[in-house]
Each structure stands twice: as structure tokens, then as C-alpha cells.
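S.K.: just to be clear, the model below is a prediction. Sequence and coordinates:
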Amino acid sequence: MARLNDNYLKLAAGYLFPEISRRMNVFTAANPDADIIKLGIGDVVLPLSSSVRQAMHDAIDEMATPDGFRGYGPSEGYDFLREAIAENDFGSRGVRIDPSEIYASDGSKCDSANIQEIFADDSTLAVSDPVYPVYVDTNVMAGRTGAPDENGRYAGIEYLPCSEETNFMPALPDKPVDFVYLCSPNNPTGTVATKEELTKWVDWARANESIILFDAAYERFITEDHLPHSIYEIEGARECAIEFRSFSKTAGFTGIRCAYIVIPEELNGRDSGGDLVPVSKLWARRTNTKFNGISYPVQRGAEAIYSASGAKEVQANIDYYMANASLIKDGLSAAGFTTYGGVNAPYVWLKTPDGKDSWQFFDELLTKTNVVGTPGSGFGAYGEGYFRLSAFGVREKVEEAITRITKNFG
Ligand code: MLT
């Protein structure tokens, strides 16, 4: 009989969001008339903007002609998209990124899951806690950890607690690690690292030859001007950081799929002989072997968010979601909840009432209000006692959810 990868068997529980859906489905089966409001997984609800739609239609029409037809594209993405990203996402903020340092992909989930493959099997790593569960799970699958303890923490990972005491920002690791995941704006807490905080991290990474894996999938939701959108706004970051960006929440592409990763040419790791090797060399090799790129119409759709009309439409969608975030935050605060986030991120992080554990509160909220959220413990042991509500909802539903929560818990 074929032997399987035992590392998968170490995974403490099912992946967070399917588990939420499973519990919700059990509840709906027993309560078929319940009017469920989903503020759990951060999935967009607004339709594609007209500029994106038009660009995708045009691309399909182009491909319906003998001259415009395209087969396999470049695995790293078409130049037109990489150039638009370099200019609009970085150049406009005074950050130098060459289009050749950008690798388009089918999602930040996949990128942040796959990146660990290019590091040595026995690499050491750190993650903030709570954080997006993909970072931990994929390193468990790759065999870089031992078994989980009773809190679901895996031996071999350095967890960096993020609590009220730390303003939900991780402290630097006690000892050097090969790579560390940072997420800003943070999923789930909504916290954003300041320039000073990121400078501390960049200095530390350079001094310790560590690589920062910087997940900036939610950077478009930053509303306060002084906050950095990219780690490359910090001097020296090109030598120590990889950045992840996504069109999912920005352009409404959770179903369409498009994201990208930036690997600057100065970023090196070491081979087993101690020699310096450009990280991009390994990522490009991996991409060419395992990926045939995202489709041409999708890349044209992504490019369209940088046109004058596309940029306006995208901003209107972001404003809509951030207005939801304010409604959730203000409504819950008025009802007596302690809330965080929701100002520079589409997630509101709240303390569960009366010290309830996160899953207990999930069940109670579902039963009493038919509102689905995400238990904080699903993001790590330090998320216990917290809960996340997503601002990616239809306005009327968000308002209704807050009314119900206030009535039952206020
Ligand atoms: C979330 O709800 O945390 C995100 O939607 C998950 C994801 O982007 O994969």
C-alpha cells in the first residue's frame, strides 16, 4: 500500500473556513428558515466593475480572432500586467520595483502557501499569532514542525504573540530564524505596521540573514496616509523581503483569481555550501515547472484596475467595504464590545463577551442571531477569546447583522 505524507496527519484540525461552513450547514439543515448572514470568510460580494468586465470581454473577443488568439502565456505573467503593477502599485509611491521582479499568480493563498518550498527542509521559521492559518499549515505539511500541543501550537515554529499588550504587533523573534511571515494590514486583527515598526523588522532581518515574507494582500484598505503600503517603502527591504499582493479583495477577484509576488533581484539566500543564490532564481524555476500562468482575459481584467475609470471603480468598492467596517466597529462598540481593526483593514477583531471561548461565541452568535463570523482561535492560540467579523458584505445585511447582535448581546 502507498505510504502517505504523515506530516498532513499532524494538522490539528480541518482548515478553518471549511470547518465554519460545515458548522453553518449543520445549523441550516436543522433550521432551514434561518436567515443566515455570512460575515465569516472574507469573500467579496460586489459585482465586477465595468472597466474590468469590459477588458475581459475585449480579451475574449481578441482571442476569437486568428491574430489575437493566444495559447500558453509566460508563467510569470504578461509584460503588460507586470509593467502596470510596477508603475501603479510601487512607482506611484516612490518605490522602485522592476516588472521582471513581479510574478503574477492565481492567488496570494497559493503564493503564501508555496513560497516555503524554496527554503531548505530544516529551515527555521516564525509566525505572528494570531495569523492567516495558511502560513503554519503549509510548513506543517512540508515537515518543518513536530506535533501540535494542546493549544494547537506546533513544535519547531516560533510563535510571536500579538495581544492587546503588544498592540497586536509581534515582537522580534528571540533568536534568528530563516524566514518569518508578517501580514500587514493584518488578517485577522486589522493592525497595520508603521514605518518605524517595519524598519525594526528590516534591520533585524538584514542583521540575521532572515527573509521576511510580507503579506500585503489588504494594503488597498489602508485609510491613514502615514502608514506604509509596501515593505519596500523601508530602506534595505529589497535585500531581505518578499511581498505578496492580491487582486482578490481589491478587484473582486476571489473567484476569478489573480495575485502576484515580488522578489527583488538583491534578495539572496544561501545554498548548503554557504554560497549566495538569488531567491528569484529558485522562484522563477519553480514557477516555470509548476505553473502555466493565469489566463490572458484575467490578466487584462487585472490590468484594467489601473486605468483611470478602473481605479475609480475599485476605490468605490473599497470605500463601500470600509464603510461596512465602520458600521460594524461603531455598532459593536456602542453595544459594549471591545473592538480592534476595521480602520485600515476590512476586518473587525473583537473580544468575545464574558470571556467565552471563540468557538462557543461562534455557536452562540449563530444560534441567537444567525450571523456567521470567524472564531479567533482558528488563527492561532493567541486568537482565543477573540472573534473576527468581515466587512465584505452587502450593506443591508451588515446593518441587519449589527441590529441583531446589539439586540442579543448589547
Ligand atoms: C479570510 O477570510 O481570511 C480570507 O478570505 C481567506 C483567504 O483570502 O484565503
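M.R.: Okay, I see it.

S.K.: from what I can see Glu364 touches Lys356, true?
M.R.: Yes: assessed by C-beta atoms under 8 Å, Glu364 is found in contact with Lys356 at 7.0 Å. C-beta: built from backbone N, CA, C; applies to glycine.

S.K.: could you name every residue contacting both of the two?
M.R.: Counting by C-beta atoms under 8 Å, 6 or more residues apart in numbering, Glu364 and Lys356 have no shared contacts at all.

S.K.: element containing the closest residue to Ala13 other than its chain neighbours?
M.R.: The spatially closest residue to Ala13, leaving aside those adjacent along the chain, is Glu19, at 6.5 Å (C-beta to C-beta, 6 or more residues apart in numbering). Glu19 belongs to helix 16-30 when elements are defined using DSSP states H and E.

S.K.: elements contacting that helix?
M.R.: helix 358-369, strand 374-375 (3 or more C-beta pairs under 8 Å, 6 or more residues apart in numbering; DSSP states H and E).

S.K.: contacting residues around the closest residue to Tyr132 other than its chain neighbours?
M.R.: Spatial nearest neighbour of Tyr132, chain neighbours left out: Asn187 (4.9 Å); criterion: C-beta to C-beta, 6+ apart. Residues counted as contacts of Asn187 (C-beta under 8 Å, 6+ apart) are Gly42, Val131, Tyr132, Asp215, Ala217, Tyr218, Ala345, Tyr347, Phe379.

S.K.: what's the neighbour count on the fifth one?
M.R.: So the one you mean is Ala217. Per other C-beta atoms under 10 Å, the neighbour tally for Ala217 reads 26.

S.K.: how much space separates Pro47 from Gly252?
M.R.: 7 Å (C-beta to C-beta, to the nearest Å).

S.K.: what lies in contact with stretch 304-321?
M.R.: Outside stretch 304-321, the residues that reach it (C-beta under 8 Å, 6+ apart) are 44, 46, 49-52, 54-56, 84-85, 87-88, 220-221, 247, 249-252, 346, 391-392, 395.

S.K.: make a ChimeraX selection of the buried ones in the residues you listed.
M.R.: To isolate the buried ones among these in ChimeraX, judged by 16 or more other C-beta atoms under 10 Å, type:
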select :44,49,51,52,54,55,56,84,85,220,221,247,249,250,251,252,346,391,392
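
S.K.: flag every buried residue along the lowest-mean-pLDDT helix or strand in the chain.
M.R.: Here the helix or strand of the chain ranked lowest by mean pLDDT, DSSP states H and E is helix 16-30, holding a mean of 93. Across helix 16-30, burial judged by 16+ other C-beta under 10 Å covers Leu16, Ile20, Arg23, Met24, Phe27.

S.K.: and which of these is nearest to the ligand?
M.R.: The shortest approach to the ligand among those belongs to Leu16, at 7.9 Å (C-beta to the nearest ligand atom).

S.K.: thought Gly378 was touching that closest one, still the case?
M.R.: Yes: between Leu16 and Gly378 there is a contact under C-beta under 8 Å: 4.0 Å.

S.K.: shared neighbours, these two?
M.R.: The contact sets of Leu16 and Gly378 overlap at Pro133 (C-beta under 8 Å, 6+ apart).

S.K.: next, give phi and psi for the closest residue to the ligand within the stretch 301-410 of the chain.
M.R.: The minimum distance from the stretch 301-410 of the chain to the ligand, using C-beta to the nearest ligand atom, falls at Ser390 (6.1 Å). Dihedral pair for Ser390: phi -90, psi 140, per degrees, to the nearest 10.

S.K.: now Ser100: closest residue in space that isn't a chain neighbour?
M.R.: Arg82 (7.4 Å).

S.K.: the residue nearest to Tyr132: which element?
M.R.: According to DSSP H and E, Asn187 maps onto no helix or strand at all.

S.K.: in this structure, which spans are helices?
M.R.: Along the chain, counting by DSSP state H, helices occupy 6-9, 16-30, 50-63, 79-85, 108-114, 134-141, 195-208, 248-251, 279-290, 296-303, 308-334, 358-369, 395-409.

S.K.: out of these, which gets the lowest mean score?
M.R.: Mean pLDDT values for the helices of the chain show the minimum at helix 16-30, a mean of 93.

S.K.: output it in CSV with nothing but the alpha carbons.
M.R.: Included here for helix 16-30 are C-alpha records, laid out as CSV according to Å, rounded to 0.1, in the frame of the first residue of the first chain:
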residue,chain,number,x,y,z
LEU,A,16,-10.6,26.9,9.2
PHE,A,17,-13.1,28.1,6.6
PRO,A,18,-14.5,24.7,5.5
GLU,A,19,-15.0,24.0,9.2
ILE,A,20,-17.0,27.2,9.6
SER,A,21,-19.1,26.2,6.5
ARG,A,22,-19.6,22.7,7.9
ARG,A,23,-21.0,24.1,11.2
MET,A,24,-23.1,26.6,9.3
ASN,A,25,-24.5,23.8,7.1
VAL,A,26,-25.4,21.6,10.2
PHE,A,27,-27.2,24.6,11.6
THR,A,28,-29.1,25.4,8.4
ALA,A,29,-30.1,21.8,8.0
ALA,A,30,-31.7,21.9,11.4
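
S.K.: contact residues of the stretch 51-200 of the chain facing the ligand?
M.R.: Contact residues, the stretch 51-200 of the chain versus the ligand (C-beta under 6 Å from any ligand atom): Lys109, Asn187.

S.K.: so what's the closest residue to the ligand within the stretch 51-200 of the chain up against?
M.R.: Nearest to the ligand, among the residues of the stretch 51-200 of the chain, is Lys109, at 4.3 Å (C-beta to the nearest ligand atom). Lys109 makes contact with Val134 under the criterion C-beta under 8 Å, 6+ apart.

S.K.: how close does it sit to Ala207?
M.R.: Applying C-beta to C-beta to Lys109 and Ala207 gives a distance of 31 Å.

S.K.: now do Val44
M.R.: On the measure of C-beta to C-beta, Val44 and Ala207 end up 40 Å apart.

S.K.: residues touching the residue lying closest to Ile41 once chain neighbours are set aside, list them.
M.R.: Of all residues not flanking Ile41 in the chain, Phe17 sits nearest, at 4.7 Å (C-beta to C-beta, 6+ apart). Counting by C-beta under 8 Å, 6+ apart, Phe17 makes contact with Gly40, Ile41, Thr374.

S.K.: just the pLDDT for the second one.
M.R.: Looking at Ile41, its pLDDT is 94.
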